[in-house]
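Engineer: With the input below, show me the fold.
(chains A and B)
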Amino acid sequence: MTDIARVERWGVLELDFEVPQAEVDGDLQVTFAIGDSVFVSESFVDEAGALRVRFMPGLEGTWTWTAHSDHADLDDRSGEFVCGPAGDGNHGPVQVSDDAHFRYADGTPHHPLGTTATSWYLAEASVRKATLRTLAGGPFTKVRMGAVPGRLGELESAVRDLAELGIEAEVIIFHPYAGGESPASLGEEAWRRYVKELVSRLAAFRNVWWCVVSEPGLGSTPAEGWAEAFRLVEEYDYGRHLRTFHGRSDADFGSPWITHTSVRSDEVRVITPLSRHHGKPVMVDGCGAEGDRPDPASSLTPEELVMKAWEGVCRGGYVSHAESYVTRGLAPWSIHGGELVGESAPRLSYLREVLATAPADLRYNPFYYDASTLEAPGEYYLQYFGPHRFPERRFELPPGDYHVDVIDTWNMTTHTLEGTFSGEFRVELPRQLYYALRIRRADRA
Amino acid sequence: MAGRLEVERWGIFEREFAGPSDGNPFKEVRLSARFQYRNRIVEIDGFYDGDGTYRLRFMPDQPGEWRFVTSSNAPALDGLRGEFVCTAPTPTNHGPVKVAGTYHFRYADGTRYLPFGTTCYHWTHAMEETQERLTLEALAGSAFNKVRMCLLPTGGMTPPLLAFEGDTPGQLDKTRFNPAFFAHVERRLDDLLALGIEADLILFHPYDKGHWGVDNMTREEDTYFLRYVLARLGAYRNVWWSLSNEYDFNTFKSIEDWDHLLRFVQHHDPYQRLRSIHNGTKMYLSSHLYDFTKPWITHQSVQHWDAALTESWLASCAKPVVIDEISYEGDITRRWGNITGQELTHRFWQGMAAGGYVGHGECFADRPSGPWISKGGELYGDSPERIAFLRRIMEEAPADWIEARRLGTYLLDYLGAGQQAYHEVELPDGVDYHVDLIDAWEMTVTPAGTHSGRCRIDLPGRPYLALRFRAASSL
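Structural biologist: Next comes the predicted model:
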């Protein structure tokens, strides 16, 4: 190699060994090292049959790499590259920062607001384009999608496209509904290979999250098989991305290798006990879809879905969107992507705007037992009333002057009350559905 | 380093470091380590072993190269690095036991494990070498492959060493552990490991009655204790966690407390050892099983007098049932400790024929080595050899004998304590079955011909018999 390769921090480094896979007997792995940190990346074969190795460096400086292979031309090949500072808009992969919050690796707070479009990237080109356009203009920070064996090239393009938009890509490794062959039905040898190829190939993209399996109880693989799948993901994942599975609220999210919960529950209030039980961020990735399909989970009114999102957020959790209309001339968004026809997405944009101006690391306070409340005590309070039409609310806050905003979450209006409030005070409300109150310390910027 | 440091898979990698000994190192010095295998990180706690010695104890679960780096608030212990190679396990090492499928267990290497447990609550506490040797010999000569044993003392005991520092009732220093006590437990864990016996460690129990002050500790004291135990003993592949014996008899603790402690163990256990909690009973009146469907529970550790309920427990919770206490063979003044060997054997057969596992215990009043359930020693009862016989029968059975029954490949009909003259059974159509008459008490297996369809098998008209039907094609 003549010029030393350069890559930005959390960027994608790719080594092309220019040896066709057909000539390589067995695997190739490359060790990447800087200082005392060592990572290993396994080769994968791309659609053109080329043998490739990828890596995502998380530290700036000069890295060295060494190849290990039974193939004499490849074994002990080595090189180095320089990892420079992250470029604009690159905050690194999202990580769990404490028992309730996410941050990018550079410390920037991240408030996930997900949607599900399990097979969008397998749709025809015009629909794919429409999906990306919709996502670019929408509130969502994360898309959940199912991987399909044999279609990893398309999945990779999808991950790249989402990265361009600054959107996180949650990859469901074992997904029962993605169409094509279900990976859970592969034989043991084949599914191990599939996990290796998938993770080695995609772990270089900083926007990737792993959902190892959706609905583990429904597959034929027993529970200890899934523990094995988690272990394999950890072994191959040089990017150490977020890791969970998607399951019922009584599923076991407690093991140390699970970074956060991803719950299917039509009752988002389970966020409160789950947060307490597991000490990990709680994401309800399946509380139902806005839509009109003939089943209860896929026929929520937009009001209901928006209510669940606000309720969940004000309980310190994260609620994902889904949309599933079948009579509006389009295939359901949550499977095929395309365009959103529902009314919840704009309201979720509004919710996201509210959160964008809030302090980071707000916490749920169970003291306000009758209305879910997120707070930074003495600084900021966000209280949601949902189906309850309170005529008034009373507060007794720490010393200071506060502004009070009355938020109509459905009509997306915020009305700031005259003057400031302090000590014990009362706020009148319009006795309407879907209201929230925001209280902000007045003498802060 | 001269040679590579090698540790067999599922064995113990241990490193010792010198660090601060002033103040209270148990409380003031934090030591943890990140072990790395490929890109996977396993984080463990180290522990203070007294005299300025700190240890990391780790069980590698994959063969190959491992490396570690420590972190600590004590500079002498921070940033220490090392590596070792994990090699193939020796032939008798099958790894830790895990739940397999829904209702059964196996070792990590795939070998079947059928728990045939016994109970010796405080066999290591008196620290009498002769008695402990007796216990190990008795276990070695028995079919038992799991022992339930306590870490904390009861109110009536005066053991030479306790888990905590101090020997004055009510005045133990619960901020300091006694390394010599744990070192002794560890020797016994090694002994059990050598015999292929699992140690179902009972972490709390309600029998202190305020004497030593170990069953009414604060939540902070409980978790402080658990963290030390996890760091010290968690790497032994034969360890299981039983959060408490007769948890509901502890009036100082609520279900919410037990939930919390179970979760604490789950979150701090890098190996995810088997984890359950054992209930008390008011015999023939009530038995408050913990809600085993809670996700941090791996299997149902039941105390109950009635093995006939096994099917209902399996139906209501999709986890293995281990009836760890079903009354003991013996002759003491308490009901739970004076059933016959015949009755205990009968209950074993009942539970297992229904798809569960049953545990043994023995307590005779006047035998030289004392009551087995408390102190170990020798086994005097009639049930152990019958349990060994049952174990052989079950080892010959399919791994999931209840599923096999559904599939029609294997049926085990235990006929119980009655004396029926014959047994009528409707076998699945079109398959010939080789039938064996098993006498659970006499420990005999007698061929009873080949049968098919609806058939009648004549019996000798005495209790404790079983019929085993094996589909001819599956033999």
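Engineer: So for A:Glu18, what pLDDT did the model give?
Structural biologist: At A:Glu18, the model reports a pLDDT of 76.
Engineer: Am I right that it is in a strand?
Structural biologist: Yes - checked against DSSP: H, G, I helix; E, B strand; the rest coil, A:Glu18 lies within a strand.
Engineer: Which secondary structure element of chain B has the lowest mean pLDDT?
Structural biologist: strand B:286-287 (a mean of 90; mean pLDDT, DSSP states H and E).
Engineer: Pull up the pairing partners for that strand, direction included.
Structural biologist: strand B:281-282 (antiparallel) (DSSP bridges).
Engineer: per-residue confidence for the residue nearest to B:Ala399 when sequence neighbours are not counted?
Structural biologist: Ranked by C-beta to C-beta, 6 or more residues apart in numbering or on different chains and with sequence neighbours excluded, the top spatial neighbour of B:Ala399 is B:Arg112, at 5.5 Å. (Each C-beta comes from the backbone N, C-alpha and C, glycine too.) The per-residue pLDDT reported for B:Arg112 equals 97.
Engineer: residues near B:Arg112, how many?
Structural biologist: Here the neighbour count serves as a burial measure; for B:Arg112 (other C-beta atoms under 10 Å in any protein chain shown) it reads 14.
Engineer: Also A:Arg269?
Structural biologist: By other C-beta under 10 Å, the residues close to A:Arg269 number 15.
Engineer: for the residue nearest to B:Ala399, what are its contacts?
Structural biologist: B:100, B:104-106, B:395, B:399 (C-beta atoms under 8 Å, 6 or more residues apart in numbering or on different chains).
Engineer: what are the bridge partners for it, then?
Structural biologist: When assigned by DSSP bridges, B:Arg112 has beta-bridge partners B:Arg106.
Engineer: With the one 5 residues further on instead?
Structural biologist: Partner residues in beta bridges with B:Gly117, using DSSP bridges, are B:Lys146, B:Gly359.
Engineer: List the contacts of it.
Structural biologist: With C-beta under 8 Å, 6+ apart as the criterion, the residues that contact B:Gly117 are B:144-148, B:198, B:200, B:322, B:324, B:357, B:359-360.
Engineer: Geometric centre of chain B: which residue is closest?
Structural biologist: Nearest residue to the geometric centre of chain B (C-alpha atoms, centre = their mean): B:Asp200, 3.0 Å.
Engineer: Select only the buried ones of the contacts of B:Arg112 in PyMOL?
Structural biologist: Only the buried members of the contacts of B:Arg112 end up in this PyMOL selection, burial being decided by 16 or more other C-beta atoms under 10 Å in any protein chain shown:
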select buried, chain B and resi 100+104+105+106+399
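Engineer: A:Glu47 reaches A:Arg151, doesn't it?
Structural biologist: No - taking contact to mean C-beta atoms under 8 Å, the distance of 10.0 Å between A:Glu47 and A:Arg151 leaves them out of contact.
Engineer: which among the contacts of B:Gly117 gets closest to B:Gly341?
Structural biologist: Proximity of the contacts of B:Gly117 to B:Gly341 (C-beta to C-beta) peaks at B:His360, which lies at 10.0 Å.
Engineer: Could you find the closest non-adjacent residue to residue 257?
Structural biologist: Here I'm looking at chain A. The spatial neighbour of A:Trp257 that comes closest, neighbours along the chain excluded (C-beta to C-beta, 6+ apart), is A:Phe230 at 5.0 Å.
Engineer: please go with chain B instead
Structural biologist: Using C-beta to C-beta, 6+ apart, the nearest residue to B:Asp257 is B:Arg219, at 6.8 Å.
Engineer: Relative to B:Ala404, how far out is the one you found?
Structural biologist: Here the criterion is C-beta to C-beta, to the nearest Å. By it, B:Arg219 lies 46 Å from B:Ala404.
Engineer: the more surrounded of those two?
Structural biologist: In this comparison of B:Arg219 against B:Ala404, neighbours counted by other C-beta under 10 Å, the higher total goes to B:Ala404 at 18 against 12.
Engineer: Residue ranges of each domain in chain B, please.
Structural biologist: Using automatic domain parsing, the domain parsing of chain B gives B:6-87, B:97-396, B:407-474.
Engineer: what does chain A give?
Structural biologist: Each domain of chain A, as a residue range, per automatic domain parsing: A:5-84, A:94-356, A:363-441.
Engineer: okay, these, which one's buried deepest?
Structural biologist: Comparing these by mean neighbour count (mean count of other C-beta atoms under 10 Å in any protein chain shown), domain A:94-356 comes out on top with a mean of 20.
Engineer: for that one, how far is the first residue from the last?
Structural biologist: Taking C-alpha to C-alpha, to the nearest Å, domain A:94-356 runs 17 Å from one end to the other.
Engineer: Summarise which helices and strands the helix or strand harbouring A:Lys196 is packed against.
Structural biologist: Assigned by DSSP states H and E, A:Lys196 falls within helix A:188-202. Helix A:188-202 sits against strand A:37-42, strand A:44-45, strand A:50-55, helix A:152-164, strand A:168-174, helix A:223-236, with contacts defined as 3 or more C-beta pairs under 8 Å, 6 or more residues apart in numbering or on different chains; DSSP states H and E.
Engineer: so what strands line up beside the shortest one?
Structural biologist: Under the criterion DSSP bridges, strand A:44-45 sits next to strand A:50-55 (antiparallel) in its sheet.
Engineer: What residues are bridge-paired with the nearest residue to B:Leu233 once chain neighbours are set aside?
Structural biologist: Nearest non-adjacent residue to B:Leu233, counting by C-beta to C-beta, 6+ apart: B:Val239, 5.7 Å away. Under DSSP bridges, the beta-bridge partners of B:Val239 are B:Ala199.
Engineer: Contacts only, for B:Val239.
Structural biologist: Taking C-beta under 8 Å, 6+ apart as the contact definition, B:Val239 lies against B:189, B:198-199, B:201, B:233, B:273.
Engineer: Look up how far chain A lies from it.
Structural biologist: 17 Å (C-beta to the nearest C-beta, to the nearest Å).
Engineer: What's the separation between that residue and B:Leu274?
Structural biologist: Distance from B:Val239 to B:Leu274, counting by C-beta to C-beta: 9 Å.
Engineer: Sweet, I'm off.
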